[in-house]
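Q: next input, structure requested:
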Amino acid sequence: MPSFDISSEVDMVALSNAVDTASKQITNRYDFKGTSAKVELNEKDSLITLFGDNDFQLDQIKDILLPGMEKKEPDSTKRLEHKDVQKVGGNKVKQVLEIKDGIDSELAKRISKLIKDSGLKVQASIQGDTVRVNGAKRDLLQDAIAFVKKSVTDFPLQFGNFRD
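A: From the prediction side, this is the model:
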């Protein structure tokens, strides 16, 4: 029985390249000279930390970082969860952006419900942080992929592990 998996994996190499490129742009910008503006990526904890002198500067750093991330990996900014801005010693501020990896249970339930309600003759089952979709024919699975791509636009999804 043909099947495929719906998952959401972070391309850490592309993300690291985007953060490195943003760091270089920040160090080269004249308006950031002599400030505490910088971007750090913690791959182990899946966090991006932005440092700046004020909220306005954090917004400028995001204006550099987020388009760079989109160039390297489309829809990658949709997986970021923006935490609150924190005051750090004196008048400095920082903001943590958490990188969500995999499909959380709420989104997995929403995807499987969408597939079941669509009327397509396929079955969806949740397996950890992926959703496996089974169907009798390859064409039905391709219809299911098109339907899910059209329906779920708020989180980046990958469709892989296609088996006949």
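
Q: and the nearest residue in space to residue 155 that is not next to it in sequence, what does it touch?
A: Leaving aside its sequence neighbours, residue 155 sits nearest to residue 78 (Cβ to Cβ, 6 or more residues apart in numbering; 5.6 Å). Glycine gets a C-beta too; all of them are placed from N, C-alpha and C. Applying Cβ atoms under 8 Å, 6 or more residues apart in numbering, one finds that residue 78 lies in contact with 154-156.

Q: tell me the SS of the nearest residue to residue 125 once chain neighbours are set aside?
A: What sits nearest to residue 125 in space, not counting adjacent residues and going by Cβ to Cβ, 6+ apart, is residue 132, at 5.2 Å. Using DSSP: H, G, I helix; E, B strand; the rest coil, the structure places residue 132 in strand.

Q: for this protein, just list every one of the helices.
A: Taking DSSP state H to define them, one finds helices in the chain at 12-28, 55-72, 105-117, 138-151.

Q: closest to residue 99 out of those?
A: Smallest distance to residue 99 across these (Cβ to Cβ): 7.2 Å, for helix 12-28.

Q: may I see the buried residues of stretch 1-10?
A: 2-8, 10 (16 or more other Cβ atoms under 10 Å).

Q: among these, which two are most distant?
A: Maximum pairwise distance among those (Cβ to Cβ): 27.3 Å, between 2 and 10.

Q: please name the nearest non-neighbouring residue to the most centrally placed residue in the chain.
A: Relative to the mean C-alpha position of the chain, the nearest C-alpha, by Cα atoms, centre = their mean, is the one of residue 79, at 2.5 Å. Using Cβ to Cβ, 6+ apart and skipping the chain neighbours, the partner closest in space to residue 79 is residue 100 (4.8 Å).

Q: one more: residue 4?
A: Nearest one to residue 4, counting by Cβ to Cβ, 6+ apart, is residue 162 at 4.4 Å.

Q: now do the one you found, the pLDDT please.
A: What the model reports as pLDDT for residue 162 is 82.
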